[in-house]
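Peer 1: Any chance you can model this:
(chains A and B)
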Number of protein chains: 2
Amino acid sequence: MESNSVSPMPELAPIAEFDKTPPTPPEDTLPMDDLPPPPNTVVNVQEEKEKEAEAEAKAHRHYEDENEWGCGSWLEYTVVVVCASILLLGSLALTLFWVIQYRGGFAWREDPAKEFNLHPVLMVAGFITFSGFSILLYRICRCCRRIYVKLLHTIFHALAIPCVAVGFLAVLDSHNLSNPPRPNFYSLHSWIGFVTMGLFALQFVVGFFSFLVLLCCEGATAGFRAALVPIHASFGLTTFMLAIAASLTGLTQKVWFVLGDGYSEWKEEGIIINSLAMALVALAILVSFAVRSPTLKGDTRMTVTERL
Amino acid sequence: MESNSVSPMPELAPIAEFDKTPPTPPEDTLPMDDLPPPPNTVVNVQEEKEKEAEAEAKAHRHYEDENEWGCGSWLEYTVVVVCASILLLGSLALTLFWVIQYRGGFAWREDPAKEFNLHPVLMVAGFITFSGFSILLYRICRCCRRIYVKLLHTIFHALAIPCVAVGFLAVLDSHNLSNPPRPNFYSLHSWIGFVTMGLFALQFVVGFFSFLVLLCCEGATAGFRAALVPIHASFGLTTFMLAIAASLTGLTQKVWFVLGDGYSEWKEEGIIINSLAMALVALAILVSFAVRSPTLKGDTRMTVTERL
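Peer 2: This next block holds a predicted model:
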């Protein structure tokens, strides 16, 4: 067990920020067992050995071994990973099914109504599926080194960018090419979408520079990066929640556009849109829980109290 | 400084759960300075004094005094408290202004349309204003004993219950008394509202029994209560976010009902509804940040690393 993995750190797996090789381990938080005995203390060899054994025992009490990860935790972990994957892929599949089956599929420019259909699919793919997997894998990936998890986190978010950009262009284009052209940016769905895109872009740029580029001068930036972790995590989850809120308002708007009063007659399309909305709500609850659950943290080497 | 205030605890101010008088302080997490020297070690009085001074210095390095709460933290604290209060009261005021100015005010039974107006006002009051203040004050109140903060947290949430109940009855009644009666529970707004009310009720009941009633056998339930804190906090924030999502879908629905295509003509009422929605979005961002910011924790006595 590395000595640096034992320091109780801030809220969001900040141990991870040091990539397990922190340049300046925070001395204050190291267990006092690791300190050498005061130089003036007179000890014989036997006593020193006893103290070493005692210190080792204490260290073991402090930090649970990976094998000690209990049955309940494994169950929780498996349930969260399986349910989240089903919901993340399921909501994308349901969106695809809805627009292909009920809204006539896709087109580009030649049919503004079908071009619009790219908007919900690409936004769900970018803001929900890719971003959701990215958040979850960063938080609960237990299999590989933190730097690879970081890179995967970046790649998944980077994959979301073209989806969001094309999804945004599709709705603009579809509005402008309609006959008569439909106005843009008046609805609260579009306002929420703007805030979400802004936060997403800010998070990506700040995250990319702080957690990847600044690794070039790892020692000097460790404190700054560690301080940024809870802020990045907090705003990341908020962005995901806002993306879900934007999707829900978008779906509400669309269902009234296309079904009108027929919505209250429990038409098939209405039920499918509602189911998609409920999948998004379930995702909001599950991802929020997974991100904050102490037992699902990616790094199992944490103090016992962090598990409480 | 009490010795029990020094243990690094789980994510959400769990120190608070022990009301600063934990019956079983987690021994593993106490700083090793506090342990007596190994009995076999031969030390003279002078050395012992030196070690005591050293231990004291270390303890001071470990834990910041309340006075050390920096200028930046105070600024952050003040900005969050002021902005959150403005937004929480402002969103209620804006809802009131909207329904009184543009929707004809309130009535009970004699005018279903005006009875409906109670729904947005009471739901915003209960789910946003009362719940929002309740969450915030629990998290960032720095002035009084934790048990009083807990009671205030419960009272604020309890105040939300009649608001939500009457708000729910108002919309049911208004739908049933309309001519022709309008159906219930078909829209995704109502489905999200159901999930939110269910989570709210669950949180209230579990929270009330676990964190207040179980205090009667404080010692035996400390571990259970501490384990429940991050789950209660996580689902509490999720309930607040879902309440905001429900409000946003409700506002989207209503604005299309009452303005129709006029919504795209930037009518005054549309802009007011959009502004209300943006206040709710700002609240989602701010409350989420306040709850997770390590510098805004109610109890300033935390390890230095928790501040990183």
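
Peer 1: Contact partners for the residue lying closest to residue A:256 once chain neighbours are set aside?
Peer 2: Leaving out its chain neighbours, the residue that sits closest to residue A:256 by C-beta to C-beta, 6 or more residues apart in numbering or on different chains is residue B:256, at 5.0 Å. Every C-beta, even on glycine, is put in place using the N, C-alpha and C of the backbone. Applying C-beta atoms under 8 Å, 6 or more residues apart in numbering or on different chains, one finds that residue B:256 lies in contact with A:253, A:256, B:263.

Peer 1: Would you agree the first one is in contact with residue B:252?
Peer 2: Yes. The pair residue A:253 / residue B:252 is scored as a contact, 5.6 Å apart, by C-beta atoms under 8 Å.

Peer 1: More neighbours: which of the two?
Peer 2: residue B:252 (25 against 20; other C-beta atoms under 10 Å in any protein chain shown).

Peer 1: Could you confirm the residue nearest to residue A:256 falls within a helix?
Peer 2: Yes. According to DSSP: H, G, I helix; E, B strand; the rest coil, the state of residue B:256 is that of a helix.

Peer 1: sorry, back to before: kindly indicate which of the contacts of residue B:256 lies nearest residue A:106.
Peer 2: Nearest to residue A:106 among the contacts of residue B:256, counting by C-beta to C-beta, is residue A:253 at 19.7 Å.

Peer 1: Show the model's pLDDT score for the closest one.
Peer 2: Model confidence at residue A:253, given as pLDDT, is 94.

Peer 1: likewise residue A:33?
Peer 2: As predicted, residue A:33 sits at a pLDDT of 34.

Peer 1: count of residues packed around residue A:105?
Peer 2: 13.

Peer 1: ugh, typo on my part, it should be residue A:96
Peer 2: Other residues near residue A:96 come to 17 when the count uses other C-beta under 10 Å.

Peer 1: all helices of the stretch 151-300 of chain A, in order?
Peer 2: For the stretch 151-300 of chain A, helices defined by DSSP state H, counting those that start in this stretch occupy the ranges A:188-211, A:218-259, A:268-292.

Peer 1: chain center to the shortest one, what's the gap?
Peer 2: Which is helix A:188-211. Offset of helix A:188-211 from its chain centre (C-alpha atoms, centre = their mean, to the nearest Å): 14 Å.

Peer 1: in that helix, what's buried?
Peer 2: A:188-193, A:195-197, A:199-200, A:203-204, A:207, A:210-211 (16 or more other C-beta atoms under 10 Å in any protein chain shown).

Peer 1: Excluding chain neighbours, what is closest to residue A:272?
Peer 2: With sequence-adjacent residues excluded and distances taken as C-beta to C-beta, 6+ apart, residue A:272 is closest to residue A:98, at 5.3 Å.

Peer 1: I'd say that neighbour and residue A:270 touch.
Peer 2: No. At 10.6 Å, residue A:98 and residue A:270 do not qualify as touching, with contact defined as C-beta under 8 Å.

Peer 1: quick revisit: show me the two of the buried residues of helix A:188-211 that sit farthest apart.
Peer 2: A:188 and A:211 (32.9 Å).

Peer 1: doesn't residue B:267 make contact with residue A:186?
Peer 2: No. At 9.5 Å, residue A:186 does not count as touching residue B:267 under the criterion of C-beta under 8 Å.

Peer 1: returning to that earlier point: figure out the helix or strand that the residue nearest to residue A:272 lives in.
Peer 2: In this structure, residue A:98 sits in helix A:71-102 according to DSSP states H and E.

Peer 1: Buried residues in whatever helix or strand comes next after that helix, which are they?
Peer 2: Next helix or strand after helix A:71-102 toward the C-terminus (DSSP H and E): helix A:112-116. Neighbour-count burial for helix A:112-116, counted by 16+ other C-beta under 10 Å, picks out A:112, A:114, A:115, A:116.

Peer 1: Count residues in the vicinity of the spatially closest residue to the last one that is not a sequence neighbour, would you?
Peer 2: By the measure of C-beta to C-beta, 6+ apart, the closest residue to residue A:116 outside its immediate chain neighbours is residue A:174, 3.9 Å from it. Other residues lying near residue A:174 total 23 when counted by other C-beta under 10 Å.

Peer 1: Format the helices of the stretch 151-300 of chain A as JSON lines; extra columns: distance to residue A:129.
Peer 2: Below are the helices of the stretch 151-300 of chain A laid out as JSON lines (distance: least, C-beta to C-beta, whole Å):
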{"stretch": "helix A:188-211", "distance to residue A:129": "14"}
{"stretch": "helix A:218-259", "distance to residue A:129": "11"}
{"stretch": "helix A:268-292", "distance to residue A:129": "10"}
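
Peer 1: re the thing from before, give me the mean pLDDT for the helix holding residue A:98.
Peer 2: pLDDT averaged over helix A:71-102 gives 93.

Peer 1: Figure out how far that helix is from the centre of its chain.
Peer 2: Centroid separation for helix A:71-102 versus its chain: 15 Å, with C-alpha atoms, centre = their mean.

Peer 1: ok so, going back, including distance to residue A:229, could the contacts of residue B:256 go into TSV?
Peer 2: Formatted as TSV, those follow (distance: C-beta to C-beta, whole Å):
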residue	distance to residue A:229
A:253	36
A:256	41
B:263	41
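
Peer 1: ok, the residue nearest to residue A:282 when sequence neighbours are not counted - contacts?
Peer 2: Here the nearest residue to residue A:282 in space, its sequence neighbours aside, is residue A:87; by C-beta to C-beta, 6+ apart that works out to 5.6 Å. Residues near residue A:87 by C-beta under 8 Å, 6+ apart: A:279, A:282, A:283, A:286.

Peer 1: For residue B:113, see how far away residue A:118 is.
Peer 2: Separation of residue A:118 from residue B:113 (C-beta to C-beta, to the nearest Å): 39 Å.

Peer 1: should've said residue A:160
Peer 2: Counting by C-beta to C-beta, the gap from residue A:160 to residue B:113 is 43 Å.

Peer 1: what do you get for residue A:122?
Peer 2: As judged by C-beta to C-beta, residue A:122 and residue B:113 stand 39 Å apart.

Peer 1: quick one: pLDDT of the closest residue to residue A:102 other than its chain neighbours?
Peer 2: Spatial nearest neighbour of residue A:102, excluding adjacent residues (C-beta to C-beta, 6+ apart): residue A:269 at 4.7 Å. Listed pLDDT for residue A:269 reads 95.

Peer 1: Is it correct that residue A:269 is in contact with residue A:98?
Peer 2: Yes. Between residue A:269 and residue A:98 a contact is recorded at 7.2 Å, counting by C-beta under 8 Å.

Peer 1: neighbour-wise, which of these two wins?
Peer 2: Neighbours were counted for residue A:269 and for residue A:98 using other C-beta under 10 Å; residue A:98 has more, 20 against 17.
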